[in-house]
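Undergrad: Generate coordinates for the sequence data below:
(one chain, ligands or ions: 2)
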Amino acid sequence: RSNAEKFEFQAEVSRLMDILINSLYSNKDIFLRELISNASDALDKIRFLSLTDKEVLGEGDDTKLEIQIKLDKENKILFIRDRGVGMTKEDLIKNLGTIAKSGTSAFVEKMQTGGDLNLIGQFGVGFYSVYLVADYVEVISKHNDDKQYVWESKADGAFAISEDTYNEPLGRGTEIRLHLREEAGEYLEESKLKELVKKYSEFINFPIYLWATKEVDVEVPAEEDDSSDDEEKPESTEGEEKEDEDSDKEEDEEKPKTKTIKEKTYEWERLNDVKAIWLRSPKEVTEEEYTKFYHSLAKDFGDEKPMAWSHFNAEGDVEFKAVLFVPPKAPADLYESYYNANKSNLKLYVRRVFISDEFDELLPKYLSFLLGLVDSDTLPLNVSREMLQQHSSLKTIKKKLIRKALDMIRKLAEEDPDEIHDKEKKEVEESKENDEKRGHTTLEGKLTSLDQYISRMKSGQKDIFYITGSSKEQLEKSPFLERLKKKNLEVIFFTDPVDEYLMQYLMDYEDKKFQNVSKEGLKLGKDSKDKEIKESFKELTKWWKESLASENVDDVKISNRLADTPCVVVTSKYGWSANMERIMQSQTL
Ligand code: ADP
Ligand code: MG
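TA: Ligands and ions are numbered 1, 2, ... in the order given. Predicted structure coming up:
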């Protein structure tokens, strides 16, 4: 095109596209849900803008917030269009090629070591999955603030942008045209597209339509149709049909000469009409539906089930509905979300309208590994995100969310530990290297629940003893356990980083305090010689404390926690444990 401007893809983006276009990956289906997810995001954006400015929606068809899919079998083109916010010329240049997202190189790296393409959406580069099935892609887009533009690329390291003077005006929104590769013909089948939308995009909150063939009954004059002898009579067999037809014809002589035939037409067929899960009663939602909903929230379409979920309806001064999930495994970006104030795994809706997934006010950091959604009827709709962020209802919502979240986690821990054990055992068998099991103890050597631990506590034992670290093997060697082992006191091993975060918050359980045995404050009962020993080493401890003062050592004490090891560094009561320091350090490198 004569008016086209040429651009080169940013290097990492180009590498990513190379990988995709040359991929032999078998599950190419994923491109469709990525495009639908982008369309849905764009619709969310325009709907949000329209809360404070009705004008942005325009008029007529442009006000319809929907997604349309169309096929051109002859030319092997698949069209996906939305009436979302659209992209300006600058957006097209930035979003689709010249600026690499932070996840781009991480994803490229993963792919080169045999990672799962299925997770492309999690890395923020889902759009490029179009090159799994197409060798030429056009993106036509119209944003309220700009003219209509076409972005196009054959994945050859460059893309072109031109003002669109030849296609029909879109009004507002984006149309993606995929020129499908020879071997991707299946995506020109309506049944395939219907199946994919059903499978992956069921929870999209905007209507998705397919321009689908439909057979309709049409009355036609009988003579004109004499040659077409294949009139349907579904119940009859072929032989009978012929007989029937012959006799029909004889009778027809006197009757009005019309008959009904099937004719193919097209119409918009809605593919999704499931009511949003969180609006339904928890009793009506099946386990499978929660699992699928989790997959769509997590952008992880594997077959793992979430470990637990909590779906509830809060009433009173502040009304909201929420669904919270404990993921089956720690997300790849757990620590990133821990540090990044603007990242949250909770989506906030106000009266069914998506507002933001960047509200970190909704859950405290130690629960940031949870995924879910909150839809509030109490929060105002027509204010800015900033004002919402300060709304007093948020505090109440947060409080209730925390309570529900901890309830859910607690229940999980109390679940029949044998069952968890079996599940974990299976996992271990599958991957022999990964031999860590949550909640092992020094005594049992197998998983335990807190209730079981408490039932085994020694008389006089007030605290629940635990220790955190990276593996059971490492913890078993810990000098912190020496004395406890001698006294036959049971200590729980927490080896999952999530445990470390959780333990910062969980102070007690059933009136028993949690005591990290590597921290200050461990009380193991008095020994008659304690006082004597303390006295005789008084000078030494004093000298030591003074000499180490410059090394960030707060105190030097005679300890009764050790048996064989001469001395040990202990963390202060309120400070990070050594394990937490390790986790944090591994994140800041
Ligand atoms: P992500 O959706 O995670 O941001 P993608 O690679 O899927 O990553 O999309 C990149 C960006 O391109 C989006 O963030 C968005 O700004 C823009 N974009 C893609 N599709 C559309 C669309 N249909 N309408 C408007 N913007 C879009
Ligand atoms: Mg996307």
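Undergrad: make it CA atoms for all contacts and neighbour counts henceforth
TA: OK.
Undergrad: what sits against the residue sitting nearest the centre point of the chain?
TA: By Cα atoms, centre = their mean, the mean C-alpha position of the chain lies nearest to residue 298, the distance being 1.1 Å. Shown in contact with residue 298 (Cα atoms under 8 Å, 6 or more residues apart in numbering): 122, 371.
Undergrad: Check the gap between it and ligand 1 for me.
TA: Using Cα to the nearest ligand atom, to the nearest Å, residue 298 is found at 12 Å from ligand 1.
Undergrad: start at 15 instead
TA: Will do, 15 is the new start, and the previous item becomes residue 312.
Undergrad: And the pLDDT at that residue?
TA: We have a pLDDT of 86 for residue 312.
Undergrad: any idea how far the residue of the stretch 265-414 of the chain found nearest ligand 1 lies from residue 236?
TA: Residue of the stretch 265-414 of the chain nearest ligand 1, by Cα to the nearest ligand atom: residue 313 (9.9 Å). Separation of residue 313 from residue 236 (Cα to Cα, to the nearest Å): 55 Å.
Undergrad: And residue 107, by the same measure?
TA: From residue 107 to residue 236 the distance is 59 Å (Cα to Cα).
Undergrad: Residue 531 now?
TA: For residue 531, the distance to residue 236 - Cα to Cα - is 92 Å.
Undergrad: Of the two, which one has the most company?
TA: Comparing residue 531 with residue 236 by other Cα atoms under 10 Å, the one with more neighbours is residue 531, at 23 against 17.
Undergrad: For the protein, which helix or strand comes out least confident on mean pLDDT?
TA: Sorting the helices and strands of the chain by mean pLDDT, DSSP states H and E puts helix 431-444 at the bottom, at a mean of 47.
Undergrad: got the contact list for residue 83?
TA: Contacts of residue 83 (Cα under 8 Å, 6+ apart): 92, 93, 94, 95, 222, 223, 224, 225.
Undergrad: one step back: my read is that the residue of the stretch 265-414 of the chain closest to ligand 1 contacts residue 135, right?
TA: Yes. Counting by Cα atoms under 8 Å, residue 313 touches residue 135, with 6.0 Å between them.
Undergrad: which bits of the stretch 115-264 of the chain sit near ligand 2?
TA: residue 140 (Cα under 5 Å from the ion).
Undergrad: at 6 Å instead, please
TA: Residues of the stretch 115-264 of the chain lying near ligand 2 by Cα under 6 Å from the ion: 135, 138, 140, 141.
Undergrad: Including neighbour count and secondary structure, could the residues you listed go into CSV?
TA: Below are these laid out as CSV (neighbours: other Cα atoms under 10 Å; DSSP: H, G, I helix; E, B strand; the rest coil):
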residue, neighbour count, secondary structure
135, 22, helix
138, 16, coil
140, 21, helix
141, 19, helix
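Undergrad: mind exporting the helix or strand hosting residue 417 as CSV, just the C-alpha atoms?
TA: With secondary structure defined by DSSP states H and E, residue 417 is part of helix 407-428. C-alpha atoms of helix 407-428 as CSV (Å, rounded to 0.1, in the frame of the first residue of the first chain):
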residue,chain,number,x,y,z
SER,A,407,-16.4,0.6,51.8
LEU,A,408,-13.1,-0.9,50.6
LYS,A,409,-11.9,-1.4,54.2
THR,A,410,-15.0,-3.4,55.0
ILE,A,411,-14.7,-5.4,51.9
LYS,A,412,-11.0,-6.1,52.7
LYS,A,413,-11.8,-7.2,56.2
LYS,A,414,-14.5,-9.7,55.0
LEU,A,415,-12.3,-11.0,52.2
ILE,A,416,-9.4,-11.7,54.6
ARG,A,417,-11.7,-13.6,57.0
LYS,A,418,-13.1,-15.7,54.2
ALA,A,419,-9.7,-16.3,52.7
LEU,A,420,-8.2,-17.5,56.0
ASP,A,421,-11.3,-19.7,56.7
MET,A,422,-10.7,-21.3,53.3
ILE,A,423,-7.0,-21.8,53.9
ARG,A,424,-7.6,-23.2,57.4
LYS,A,425,-10.1,-25.6,56.1
LEU,A,426,-7.7,-26.8,53.5
ALA,A,427,-5.1,-27.5,56.2
GLU,A,428,-7.6,-29.5,58.2
